[in-house]
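Novice: Got a sequence here, can you model it:
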Amino acid sequence: MNHLGRALWITGLGTLGLLIVLGAIDARLRDTGGPSIVPFELEFTSESARDSLARWGEEGRSDAKLSLGIDFAFLVAYGTFFSLAATALCDALGWQRWAFVAMLPLGAAVADALENVALLLTIGQDGAQPWPLLGGTFAAVKFALLIPAQLFVLAGFVVWLARRAGAASARLR
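Specialist: Next comes the predicted model:
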């Protein structure tokens, strides 16, 4: 296995592992009667943020801070994984004109880090502006950059698998 392959496995497994941990924390947040972290990311207003903070209570606030702290590792993992995956697929499929897609997850990770800081300040400042607005704005940028990259990787992986299956089928004839 080459260096790129190893890096994809390591960052992919890291992304998956951290996603599982974040999912468990999200379940605890929902158990408080408040939202999970993604709806909180997109609240934008002080009123919405304060409502979520009140429904979470102190335990939920602690869980949200934990989730946001772990998300700093997660954003490095997913940003690296999806960037490397896009690069590997462009190379494997001869799609060099699409190589710019590899930058999108890195931009998403930067937006995610800024979002996390704004959300931690939202919690610490009891929903005071400008933090919910900034958190929501950076979250929207993150999703606008990350979702197209994820769809590109998914589509590229399907094309790569189809080409491999076609090549294997041709060898059997």
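Novice: Run through who's touching whichever strand or helix holds residue 108.
Specialist: Using DSSP states H and E, residue 108 sits within helix 104-124. In this structure, residues lying in contact with helix 104-124 by Cβ atoms under 8 Å, 6 or more residues apart in numbering are 40-41, 49, 53, 61, 64-65, 68, 71-72, 75-76, 78-83, 86, 128, 131-132, 134-135, 138-139, 141-143, 145-146, 148-149. In short, each C-beta sits where N, CA and C put it, glycine included.
Novice: Show me what the helix or strand that comes right after that helix is packed up against.
Specialist: With elements assigned by DSSP H and E, the helix or strand that comes after helix 104-124 is helix 131-172. Packed against helix 131-172 by the contact rule (3 or more Cβ pairs under 8 Å, 6 or more residues apart in numbering; DSSP states H and E) you find helix 37-41, helix 46-93, helix 104-124.
Novice: buried sites along the shortest one?
Specialist: It stands for helix 37-41. Neighbour-count burial for helix 37-41 flags 37, 40, 41 (criterion: 16 or more other Cβ atoms under 10 Å).
Novice: Around residue 25, how many other residues sit close by?
Specialist: 18 (other Cβ atoms under 10 Å).
Novice: same deal with residue 77?
Specialist: Residues near residue 77, counting by other Cβ under 10 Å: 20.
Novice: do the one 4 residues further on as well
Specialist: Burial of residue 81 is recorded as 22 neighbouring residues (other Cβ under 10 Å).
Novice: Grab the nearest non-local neighbour of it.
Specialist: Leaving out its chain neighbours, the residue that sits closest to residue 81 by Cβ to Cβ, 6 or more residues apart in numbering is residue 11, at 3.8 Å.
Novice: Kindly report the same for residue 78.
Specialist: Counting by Cβ to Cβ, 6+ apart, the residue nearest residue 78 is residue 15, at 4.7 Å.
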